[in-house]
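1. any chance you can model this:
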Amino acid sequence: MASAFDIAPGELLAVDVPAGPAWVPLLHRLWSEQVTFLPLDERLTGSERDRLLDLARPAAVLGTGGALTVYAGAAPVDEDLAVVMATSGTGGQARLVELSRASVVAAVAGSRSALEAAGQEAGAPHLCCLTPAHIGGLLVLVRSEIAEVPVVVHERFDADRLMRDAPVGAIVSLVPAMVSRLVRARADLARLGTMLVGGAPLDHHVRAQAESLGATIVETYGLTEACGGVVYDGVPFDGTEIRIADAGRIELRGPTVMRGYRHDPAATGAAFDVRGWLRTSDAGRLDDEGLQVTGRLDDAIRTGAETVWPTEVERAIESHPKVAEVGVAGRPHPEWGQQVVAFVVPRTIDDPPSLEEIRDHASEVIGRHKAPRELVLVPELPRTPGGKVRRSHLG
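-> The predicted structure follows:
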């Protein structure tokens, strides 16, 4: 038995503990005692939590203060699994990703090698301001555990507190919205180490501003099913293979890839081909600079005979001086099938951009046929907890 939690090998422990410093000793115990666990997001509603537990079927639920509640109807897990992570992407349909201990170790080793190649000191401290219920936050804690380096953990992201508490040279994992807030706060980003930015594309204008404040940024690409970011600035980890399949789909293969979806053999079968390639929902291309992600396949806008990728249009618009944030999606059109629509958060409500200004600006870097045909001004963009724009909620 794993005495600290009264969980036997082959049993799953759901962890219902809010993000914060308590996760440092907790993760140490879970990892060292090889307990397979499912971190629950404290932001879930009661019904969302119950649905996740019904799907996971853990042996017990660990609450704040160490309270252990036995869960009826437990289902076993393979003993070599390290963690089960909930993922829903942008669609909202919860699935549980099973990641082996070997996959997690490979992800940590790949990250460390990539950071060292980029000039980051191996023993640098870490700062965690992402929830451990998402793979980006959990990997910060696991990297700290395996590398035996100190870690500072915050309950949530706060720009002022991050800059006040972060050790000099600390590695910090962030989503793009957090980088934007640090830029707006005019933070001294030179005192940090590498900022690993993932979960969604980083606005080129925001990156340039952050770097002007001294930031060292590495943009990451990955997904929960691949145990987080496995591509740093377009370059895959050693041992990770990438190929571009039909319709531009990004496919991955390597030691970090998931075992499968818990209690969902149909989804697991659909996720892989017969040679073990993981089919992502992302589109991209490979060029001299490595992997370039163009967008999600289900986000592609079919307008007339053209396919337009929202991410490409967003990058063409985001540097407009009147634009604070932008999300692009398709709307039905009786003649073209769909038309490109830009949802813009203006920098100032008193001087928003016009549609023609947006179209002219975008047309400087992409074909004018890809530029938006409609402009919608919004106070904010709907986003997932990981910072991705919920395109299905635009409109």
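2. all strands for the stretch 1-150 of the chain, in order.
-> Applying DSSP state E, counting those that start in this stretch to the stretch 1-150 of the chain gives strands spanning 12-16, 36-39, 60-63, 68-70, 81-87, 95-100, 126-128.
3. actually the stretch 151-300 of the chain, sorry about that
-> 151-153, 171-174, 194-197, 216-223, 228-232, 235-236, 241-244, 249-253, 260-261, 278-287, 290-296.
4. any chance of those strands in CSV, plus mean pLDDT and mean neighbour count?
-> Every C-beta, even on glycine, is put in place using the N, C-alpha and C of the backbone. Conversion of those to CSV gives the following (pLDDT from 0 to 100; neighbours: other Cβ atoms under 10 Å):
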stretch, mean pLDDT, mean neighbour count
strand 151-153, 96, 21
strand 171-174, 95, 26
strand 194-197, 96, 24
strand 216-223, 95, 21
strand 228-232, 96, 26
strand 235-236, 96, 18
strand 241-244, 97, 14
strand 249-253, 97, 21
strand 260-261, 97, 20
strand 278-287, 93, 18
strand 290-296, 89, 19
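5. which one of those lies nearest to R161?
-> strand 151-153 (9.9 Å; Cβ to Cβ).
6. any chance of the strands of the stretch 1-150 of the chain in CSV, plus mean pLDDT, distance to R112 and mean neighbour count?
-> Formatted as CSV, the strands of the stretch 1-150 of the chain follow (pLDDT from 0 to 100; distance: least, Cβ to Cβ, whole Å; neighbours: other Cβ atoms under 10 Å):
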stretch, mean pLDDT, distance to R112, mean neighbour count
strand 12-16, 97, 25, 22
strand 36-39, 98, 22, 26
strand 60-63, 95, 29, 19
strand 68-70, 92, 34, 12
strand 81-87, 96, 17, 22
strand 95-100, 97, 18, 22
strand 126-128, 96, 11, 25
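7. just put those in TSV and tack on distance to R253.
-> Formatted as TSV, the strands of the stretch 1-150 of the chain follow (distance: least, Cβ to Cβ, whole Å):
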stretch	distance to R253
strand 12-16	27
strand 36-39	24
strand 60-63	34
strand 68-70	38
strand 81-87	19
strand 95-100	15
strand 126-128	28
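8. Q120 is nearest to which of those strands?
-> Comparing these by Cβ to Cβ, strand 126-128 comes nearest, at 11.1 Å.
9. what sits up against that closest one?
-> 23, 137, 140-141, 143-144, 149-154, 162, 165-167, 170-173 (Cβ atoms under 8 Å, 6 or more residues apart in numbering).
10. just the buried members of those residues?
-> 23, 137, 140-141, 143-144, 149, 151-154, 162, 166-167, 170-173 (16 or more other Cβ atoms under 10 Å).
11. pLDDT-wise, which helix or strand of this protein ranks last?
-> Across the helices and strands of the chain, the lowest-confidence element by mean pLDDT, DSSP states H and E is strand 306-308, at a mean of 83.
12. which parts of it are buried?
-> By 16+ other Cβ under 10 Å, the buried positions in strand 306-308 come out as V308.
13. cool, stretch 61-80 as well?
-> In stretch 61-80, counting by 16+ other Cβ under 10 Å, buried: V61, L62, Y71, V77.
14. what of stretch 362-373?
-> For stretch 362-373, by 16+ other Cβ under 10 Å, it's A362, I366, K370, A371, P372, R373.
15. flag whichever of those residues scores worst on pLDDT.
-> Lowest pLDDT among the buried residues of stretch 362-373: I366, with 87.
16. what residue ranges in the protein score low on pLDDT?
-> Low-confidence segments of the chain (pLDDT under 70): 1-4, 88-93, 385-386, 395.
17. picking up where we left off before, in CSV: the buried residues of stretch 61-80, plus distance to V179.
-> Formatted as CSV, the buried residues of stretch 61-80 follow (distance: Cβ to Cβ, whole Å):
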residue, distance to V179
V61, 34
L62, 33
Y71, 39
V77, 36
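18. wait, Q338 sits on A329?
-> No. With contact defined as Cβ atoms under 8 Å, Q338 does not reach A329; the gap is 9.1 Å.
19. mutual contacts of the two, please.
-> Joint contacts of Q338 and A329 (Cβ under 8 Å, 6+ apart) are I301.
20. which of these two has more residues huddled nearby?
-> Between Q338 and A329, A329 has the larger neighbour count (other Cβ atoms under 10 Å), namely 22 against 18.
21. you'd agree the more buried one is in a helix?
-> No. The assignment for A329 (DSSP: H, G, I helix; E, B strand; the rest coil) gives strand, which keeps it out of a helix.
22. which residues does it contact?
-> D299, I301, P310, V341, F343, R391, L394, G395.
23. by neighbour count, which of these wins?
-> Highest count within the contacts of A329 by other Cβ under 10 Å belongs to P310, 26 neighbours.
24. and the gap between that residue and T348?
-> 25 Å (Cβ to Cβ, to the nearest Å).
25. kindly report the same for A74.
-> For A74 relative to T348 (Cβ to Cβ), the value is 55 Å.
26. on that earlier part again, could I get the contacts of A329 as CSV with secondary structure and distance to C227?
-> Converted to CSV, the contacts of A329 look like this (DSSP: H, G, I helix; E, B strand; the rest coil; distance: Cβ to Cβ, whole Å):
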residue, secondary structure, distance to C227
D299, helix, 24
I301, strand, 31
P310, helix, 26
V341, strand, 35
F343, strand, 32
R391, helix, 25
L394, coil, 30
G395, coil, 34
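27. can you count the residues close to the residue lying closest to R347 once chain neighbours are set aside?
-> Spatial nearest neighbour of R347, chain neighbours left out: A324 (4.7 Å); criterion: Cβ to Cβ, 6 or more residues apart in numbering. By other Cβ under 10 Å, the residues close to A324 number 17.
28. so A324: helix, strand or coil?
-> On the basis of three-state DSSP, A324 is classed as strand.
29. same deal with P332?
-> With three-state DSSP as the basis, P332 sits in strand.
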